[in-house]
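Trainee: requesting a structural model of the entry that follows:
(2 chains)
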There are 2 protein chains.
Amino acid sequence: MLDQNTNLKSTEPKNKSKRFVANIYQSLLRRLYLSAGSPQLKIILWNNIQVSHPVAQYQIKIHNRATLFKLLLHPDFYFGEAYTQGHISINGDLVAILEQIVIGRKKRSTKIFRRLANAIYKFTKHVSRKQKISDIHQRYSLNHKFYERWLDKELMSYTCAYFPNSEYELETAQLAKMDYICRKLELKPGDTVVEAGGGWGGLALYMAKTYGVNVHSYIISPEQIIYARKKCQLVQLDHLVSYVEADYREIVGQFDVFVSLGMIEQIGLNHYAELQQAISRCLKTNGRGLIQSIGRNHADQANAWLNTQMFPATQFPSLQQILNTIGQNHTVLDIENLRLHYAETLSHWLQRFEANVDTFKTQFDNEFTRAWRLYLCGSIASFTTGRLQLFQILFTREQNNEIAWSRDHLYH
Amino acid sequence: MLDQNTNLKSTEPKNKSKRFVANIYQSLLRRLYLSAGSPQLKIILWNNIQVSHPVAQYQIKIHNRATLFKLLLHPDFYFGEAYTQGHISINGDLVAILEQIVIGRKKRSTKIFRRLANAIYKFTKHVSRKQKISDIHQRYSLNHKFYERWLDKELMSYTCAYFPNSEYELETAQLAKMDYICRKLELKPGDTVVEAGGGWGGLALYMAKTYGVNVHSYIISPEQIIYARKKCQLVQLDHLVSYVEADYREIVGQFDVFVSLGMIEQIGLNHYAELQQAISRCLKTNGRGLIQSIGRNHADQANAWLNTQMFPATQFPSLQQILNTIGQNHTVLDIENLRLHYAETLSHWLQRFEANVDTFKTQFDNEFTRAWRLYLCGSIASFTTGRLQLFQILFTREQNNEIAWSRDHLYH
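Mentor: Here you go, the predicted model:
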């Protein structure tokens, strides 16, 4: 059946030995193509041997033998490495190509196969804890100046925005996200809020300024906390907002509201019980909470390249796993999947990233820009193909009856 | 600490032996009171020995020794039996009393204790499969004529209604529920819908009439299917609606939409995998689905009396367990908890039930009306105290991008 879908061509070698070698490459390439789930792509080798889907629109070129062998060994990891180092080049839209790869791999490989491949990779590479910690952020000493060039200018929000209107710019959509979350949490002036994982501090400022609430925002990055405190002083909201240099486990006190955006993906599944305890401790009797997190339809590991080179701690939970962080003495009120909004957010980030790519090439290097582009495009492809989800989960104490009677107020 | 909260009084017996017996009853009653989590109630025995919470508003009277001993043995089961048979009487609002009991029991007993108590009860009672099947519905041969007296007149919907406006009557709220579900599912004329567990057929008729869709509704009750087919002919919708006498496992064909209200609580957790397979088989590529189900914050057994005497098959799943029925090739789009709407729906049912109670006493008997009242009031108490939840879960095929960009359309 697969043969019917593929269209194998090769240039004719001049003599028998060359033909023999060409046949080997042809069959290796075909194996790679089939193991990738026959994506709608053309794959071409350095020696012009190629394999193509009948309706392929885009092309991937593999530049050397070593890359072909590595891709056969562990495509999930080595595609990222090879693209970043320039051993693979593409012809066409990178997002569309990655969508084909995501769809193809979903069709073909089982979780067990991917886990095994990741385990073998980690074993052969001897990825030590030290190596893992040295990710792209540390290798290139990334700080707010890098993010300022492609995140929204107002809030520097590094999580999914909300586009209820397709005409929205990124700034409007990030503000819309903040306000949507505040409405879901039914913030009232004087409410006390604790935020776990505050990033550059944008949500805390928005809540204090717009809803007159007191916010304690827990941030672990020293660079981010300096940035957030400066901005808070600048807009004169220090009387309402405190930034605390500590993590969610160290939250002290009781609050009306708990909120956390884009943090639980970073803490690791083995820390969910601690998060659950922290939430249980810190919420008042009628407390409400909101967690925004990337999720999956089933528990699985993140892409091996992303996990080793870009975001070592990242684990994308299933919805069931996220619910474990909320615990049994809380009630889920509302879950919304904003998957396509994250694809849109990432497209805005990509556009701004590409507008600055020459600066980044100079400031960092070519490998860096290719890695970052691959991460942004791969993330878009994961959200558009439904490989990743984005959940907003609203919850409250089990016996709280002071809850909105319907969601009508969110949309008026 | 508990002693400080309780206020123990007893009449003074005249002689030593009577005083000795009185002391035993006093201490047994106190034990019952403490094991019930010190509810805000006064409990009084046939001999006027009593125990009371300092701020008790309502009173429960236990009429005989056997009932006291049974309540000590297994309060979850025997409260229902004793109330039904008139061995317990109450003074005050039954819903408020049951709320106190639910809150109290949540405070005190662990799941393990309740499970053990249920297991002991089942062992001592030798509840055979045959006995279990002979529930209240069969003992009293209940049919649509009974339900017509207290469910909504238009749709005969025996699931949670939707009260976006507190002024709504039951009929309006059931219609609002149907329409809300249709909007969530984004029904378009010509869509094909399969319904698992169609009850008296109301949702199928509403969808066909209002949205011009084709509905196959699977119903297992012979009485309900006759009723539904008659009504369908009467309103001349037979060209759009078919009622099939079979269960969800026998669904044949592929549809744009799957819908099921109030069914999964009845099929038992051990059949969720079969339901998941049925949903996977029956949905088209971009298919959508909605499941409405009672749920809990954690997996637990239903009340022993309800489970043995009223609804033998009922099991209330946790949200995680409900998600298992949706399976990994589907994506959750939206989950809404309508817990307080179910309390409101039940209050309407209770009001109509009480308005007809004399008829029911004549037609059935006193024990029947007390049992049915206890079930309705107990259910209200379970929803108002947060012991039970009501989830509406909207999902779709993993790769479906033809989904609403926001929920705005649901509220305009």
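Trainee: around chain B, which positions in the stretch 51-200 of chain A sit nearby?
Mentor: A:I103, A:Y162, A:F163, A:P164, A:S166 (Cβ under 8 Å from any Cβ of the partner chain). Every residue, glycine included, has its C-beta placed from N, CA and C.
Trainee: how about a cut-off of 10 Å?
Mentor: A:I103, A:K106, A:K111, A:Y162, A:F163, A:P164, A:N165, A:S166, A:A176, A:Y180 (Cβ under 10 Å from any Cβ of the partner chain).
Trainee: make CSV out of those residues and add neighbour count.
Mentor: What follows is these, written out as CSV (neighbours: other Cβ atoms under 10 Å in any protein chain shown):
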residue, neighbour count
A:I103, 20
A:K106, 15
A:K111, 12
A:Y162, 23
A:F163, 25
A:P164, 16
A:N165, 12
A:S166, 8
A:A176, 18
A:Y180, 20
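Trainee: list the buried ones in the strand or helix carrying A:S27?
Mentor: A:S27 is part of helix A:16-35 when elements are defined by DSSP states H and E. Of the residues in helix A:16-35, A:A22, A:Y25, A:Q26, A:L28, A:L29, A:R30, A:L32, A:Y33, A:L34, A:S35 count as buried by neighbour count, 16 or more other Cβ atoms under 10 Å in any protein chain shown.
Trainee: can you give me the helices in the stretch 201-350 of chain A?
Mentor: Using DSSP state H, counting those that start in this stretch, the helices of the stretch 201-350 of chain A run over residues A:202-211, A:222-234, A:264-267, A:272-282, A:304-305, A:319-326, A:339-355.
Trainee: and those: which comes nearest chain B?
Mentor: The closest of the helices of the stretch 201-350 of chain A to chain B is helix A:319-326. By Cβ to the nearest Cβ, the value is 4.6 Å.
Trainee: which helices and strands does the closest one pack with?
Mentor: Other helices and strands packing on helix A:319-326, by 3 or more Cβ pairs under 10 Å, 6 or more residues apart in numbering or on different chains; DSSP states H and E, are helix A:264-267, helix A:272-282, strand A:283-295, strand A:330-337, strand A:389-397, helix B:319-326, strand B:330-337.
Trainee: any residue of the helix or strand hosting A:I380 touching chain B?
Mentor: According to DSSP H and E, A:I380 maps onto helix A:366-384. Yes - Helix A:366-384 reaches chain B (Cβ under 10 Å from any Cβ) through A:F383, A:T384.
Trainee: quick check: buried residues in that helix?
Mentor: A:367-384.
Trainee: ok, back up a step: what would the helices and strands packed on helix A:319-326 look like in JSON lines with mean neighbour count and distance to A:R139?
Mentor: Shown next, in JSON lines, are the helices and strands packed on helix A:319-326 (neighbours: other Cβ atoms under 10 Å in any protein chain shown; distance: least, Cβ to Cβ, whole Å):
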{"stretch": "helix A:264-267", "mean neighbour count": "21", "distance to A:R139": "18"}
{"stretch": "helix A:272-282", "mean neighbour count": "18", "distance to A:R139": "29"}
{"stretch": "strand A:283-295", "mean neighbour count": "21", "distance to A:R139": "23"}
{"stretch": "strand A:330-337", "mean neighbour count": "23", "distance to A:R139": "34"}
{"stretch": "strand A:389-397", "mean neighbour count": "23", "distance to A:R139": "28"}
{"stretch": "helix B:319-326", "mean neighbour count": "22", "distance to A:R139": "39"}
{"stretch": "strand B:330-337", "mean neighbour count": "23", "distance to A:R139": "35"}
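Trainee: need those in JSON lines (columns: distance to A:A56 and mean pLDDT).
Mentor: Output for the helices and strands packed on helix A:319-326, formatted as JSON lines (distance: least, Cβ to Cβ, whole Å; pLDDT from 0 to 100):
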{"stretch": "helix A:264-267", "distance to A:A56": "34", "mean pLDDT": "93"}
{"stretch": "helix A:272-282", "distance to A:A56": "42", "mean pLDDT": "96"}
{"stretch": "strand A:283-295", "distance to A:A56": "30", "mean pLDDT": "96"}
{"stretch": "strand A:330-337", "distance to A:A56": "31", "mean pLDDT": "97"}
{"stretch": "strand A:389-397", "distance to A:A56": "29", "mean pLDDT": "97"}
{"stretch": "helix B:319-326", "distance to A:A56": "34", "mean pLDDT": "93"}
{"stretch": "strand B:330-337", "distance to A:A56": "28", "mean pLDDT": "97"}
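Trainee: by proximity to chain B, which residue of the stretch 151-300 of chain A wins?
Mentor: A:H298 (4.1 Å).
Trainee: run a quick neighbour tally on the residue nearest to that residue when sequence neighbours are not counted.
Mentor: For A:H298, ignoring the flanking residues on the chain, the nearest one in space by Cβ to Cβ, 6 or more residues apart in numbering or on different chains is B:Q328 at 4.1 Å. As a burial measure, B:Q328 scores 17 neighbours (other Cβ atoms under 10 Å in any protein chain shown).
Trainee: which ones are touching B:Q328?
Mentor: A:K111, A:R296, A:N297, A:H298, A:A299, A:D300, A:S318, B:Q276, B:S280, B:E398 (Cβ atoms under 10 Å, 6 or more residues apart in numbering or on different chains).
Trainee: flag the least confident of these.
Mentor: Lowest pLDDT within the contacts of B:Q328 is found at A:K111 (57).
Trainee: now the buried residues of helix A:16-35 as a markdown table including pLDDT?
Mentor: Below are the buried residues of helix A:16-35 laid out as a markdown table (pLDDT from 0 to 100):
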| residue | pLDDT |
| --- | --- |
| A:A22 | 93 |
| A:Y25 | 95 |
| A:Q26 | 96 |
| A:L28 | 95 |
| A:L29 | 96 |
| A:R30 | 95 |
| A:L32 | 93 |
| A:Y33 | 94 |
| A:L34 | 91 |
| A:S35 | 88 |
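Trainee: before we move on, the earlier item: neighbour-wise, which of the contacts of B:Q328 leads?
Mentor: A:R296 (23 neighbours).
Trainee: pretty sure it sits against A:N337.
Mentor: No - the pair A:R296 / A:N337 is not scored as a contact, 11.5 Å apart, by Cβ atoms under 10 Å.
Trainee: need the pLDDT of A:A302.
Mentor: 81.
Trainee: what is the neighbour count of it?
Mentor: Neighbour tally, A:A302, other Cβ under 10 Å: 22.
Trainee: do you know how far it is from chain B?
Mentor: With distances taken as Cβ to the nearest Cβ, to the nearest Å, A:A302 is found 17 Å from chain B.
Trainee: also A:L98?
Mentor: A:L98 is 15 Å from chain B, by Cβ to the nearest Cβ.
Trainee: can you name every helix or strand that the helix or strand where that residue lies contacts?
Mentor: Remark: A:L98 resides in helix A:94-108, with elements defined by DSSP H and E. If you count contacts as 3+ Cβ pairs under 10 Å, 6+ apart, helix A:94-108 packs onto helix A:16-35, strand A:41-45, strand A:58-62, helix A:75-85, strand A:88-91, helix A:339-355, helix A:366-384.
Trainee: from the chain's centroid, how far away is the longest one?
Mentor: Using Cα atoms, centre = their mean, to the nearest Å, we find the averaged C-alpha position of helix A:16-35 to lie 36 Å away from the chain's own average C-alpha position.
Trainee: and the gap between the residue lying closest to A:N324 once chain neighbours are set aside and B:F391?
Mentor: In space, and not counting its chain neighbours, A:N324 is closest to A:Y272: 5.2 Å by Cβ to Cβ, 6+ apart. Noted for A:Y272: a distance of 21 Å to B:F391, by Cβ to Cβ, to the nearest Å.
Trainee: what's opposite A:H216 in the beta bridge?
Mentor: A:V194, A:S242 (DSSP bridges).
Trainee: do you know how far A:V357 is from B:E99?
Mentor: A:V357 is 63 Å from B:E99, by Cβ to Cβ.
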